[in-house]
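> got a predicted model here, sequence first, then my questions.
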Amino acid sequence: MDTVPIDADGETTQVIPPYVPPQNAPETTPDSPDRDVASHTWVMGVVVAAAVMLLVVAGIWTVTRIHAQHETALSACRSSLSAYAKAHDRLQQATGTMSESVSIACSGKDSTEGLYAASSVLRSAAGTMNEQAAAIEQRNRDDSTNDPDHKQSETPSSSDDTAQARRELGKSIDTANALLDSVGKTIGDGTAGRMIVNGLSTAVDAADKLMNDSGITDSKYYKAAKVTLDEAITAVNDWVDAQAGKAD
């Protein structure tokens with residue numbers, strides 16, 4: 001039983017306990033560990049969000065760049081195909097022959113590399129056909145006049161130069177034919193592949209007909225045809241190498 005203090009007069013007295021200050025939770029100071037953790041978490045969130053945003057932007061830029069490159073290649077292919085068709089028509093008019101018109105078209109489904117390769121081959125083939133057409137047109141003009149000054153002259157030096165130019169063109173024709181024999185197995189499918197083969201085949205045919213045209217004595221036509229045919233050969237070889245690299 002608790003006892004109650006009594007004073008000298010017999011009265012009870014109240015016992016007042018000593019003052020004890022309240023034990024409040026310590027306030028978080030700017031340097032407290034909890035504040036540091038919250039600040040670090042916020043910074044990490046900002047960093048992660050920025051990284052994600054950069055990845056999204058980089059992805060969009062990459063897709064846009066690839067699309068732009070493909071559109072450029074497709075445009076180049078169509079431009080070369082147009083030049084190819086015009087040269088084909090010019091050659092028909094020069095020779096007085098009629099054959100099927102160019103019916104191929106560049107396809108957006110082909111790869112960027114394939115479209116660029118087709119563009120190079122078609123433009124080179126167009127150049128070879130234009131050289132053949134120009135030579136025939138010149139011969140036709142010479143044949144249509146009785147003026148000896150308009151006839152093609154052939155001195156011993158020019159004859160040697162022409163013979164050498166014909167031999168060099170013949171070597172390029174042999175190289176192109178050998179390439180055509182092997183390229184069917186490695187060129188791949190798709191419109192671009194067919195245009196590459198057809199373009200090289202057309203260039204070879206035009207150069208071969210120029211070689212067999214005994215009425216052409218000016219070496220410049222043979223030299224120009226060799227340049228364009230060699231360009232077509234290089235373009236096809238580059239495409240074949242690219243296809244082989246993808247397969248490895």
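Happy to help now that I have it.
> the longest helix along the chain packs against which elements?
Counting by DSSP state H, the longest helix found in the chain is helix 33-95. The contact analysis (3 or more CB pairs under 8 Å, 6 or more residues apart in numbering; DSSP states H and E) places helix 33-95 against helix 112-143, helix 191-211. No exception for glycine: its C-beta is placed from N, CA and C like everyone else's.
> out of those helices, which comes closest to residue 48?
Closest approach to residue 48 among those is made by helix 112-143 (34.5 Å; CB to CB).
> for the protein, what helix or strand is lowest in average pLDDT?
helix 33-95 (a mean of 78; mean pLDDT, DSSP states H and E).
> what angle separates that helix from helix 191-211?
For helix 33-95 against helix 191-211, the angle by axes from the mean of the first three to the mean of the last three CA atoms, to 10 degrees is 30 degrees.
> helix 33-95 to helix 112-143, inter-axis angle?
Relative orientation of helix 33-95 and helix 112-143, computed by the same axes, to 10 degrees: 20 degrees.
> quick revisit: take the helices and strands packed on helix 33-95 and lay them out in CSV including mean pLDDT, distance to residue 74 and mean neighbour count.
Listed next are those as CSV, based on pLDDT from 0 to 100; distance: least, CB to CB, whole Å; neighbours: other CB atoms under 10 Å:
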stretch, mean pLDDT, distance to residue 74, mean neighbour count
helix 112-143, 84, 6, 23
helix 191-211, 85, 10, 22
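> would TSV of those helices with distance to residue 164 be doable?
Below are the helices and strands packed on helix 33-95 laid out as TSV (distance: least, CB to CB, whole Å):
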stretch	distance to residue 164
helix 112-143	17
helix 191-211	13
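> relative to residue 95, which of these is closest?
Closest of those to residue 95 is helix 112-143, at 6.1 Å (criterion: CB to CB).
> heading C-terminal from the closest one, find the next helix or strand.
helix 156-183 (DSSP states H and E).
> now for that following helix, which elements pack on it?
Packing partners of helix 156-183 (3+ CB pairs under 8 Å, 6+ apart): helix 191-211, helix 219-247.
> with distance to residue 107 added, can I get these in TSV?
Shown next, in TSV, are the helices and strands packed on helix 156-183 (distance: least, CB to CB, whole Å):
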stretch	distance to residue 107
helix 191-211	4
helix 219-247	16
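> for the ones you listed, which one sits closest to residue 175?
Nearest to residue 175, of the helices and strands packed on helix 156-183 and by CB to CB, is helix 219-247 at 5.9 Å.
> tell me the buried residues in the closest one?
For helix 219-247, the neighbour count (16 or more other CB atoms under 10 Å) marks 219, 221-226, 228-233, 235-236, 239-240, 243 as buried.
> go on, stretch 77-94?
Across stretch 77-94, burial judged by 16+ other CB under 10 Å covers 77, 80, 81, 83, 84, 85, 87, 88, 90, 91, 94.
> just give me the closest of those residues to residue 127.
residue 87 (7.5 Å).
> the closest one contacts residue 123, correct?
No - counting by CB atoms under 8 Å, residue 87 stays clear of residue 123, with 9.4 Å between them.
> residue 113 versus the nearest residue to residue 110 once chain neighbours are set aside, what's the distance?
Nearest residue to residue 110 in three dimensions, chain neighbours excluded: residue 192, at 3.9 Å (CB to CB, 6 or more residues apart in numbering). Here residue 192 is placed at a distance of 8 Å from residue 113 (CB to CB, to the nearest Å).
> what do you get for residue 122?
15 Å.
> is it correct that residue 112 is in contact with residue 67?
No - using CB under 8 Å, residue 112 is not in contact with residue 67; the gap is 9.8 Å.
> looking at the helices and strands packed on helix 33-95, which is closest to residue 104?
Across the helices and strands packed on helix 33-95, residue 104 has its closest neighbour in helix 191-211 (5.6 Å, CB to CB).
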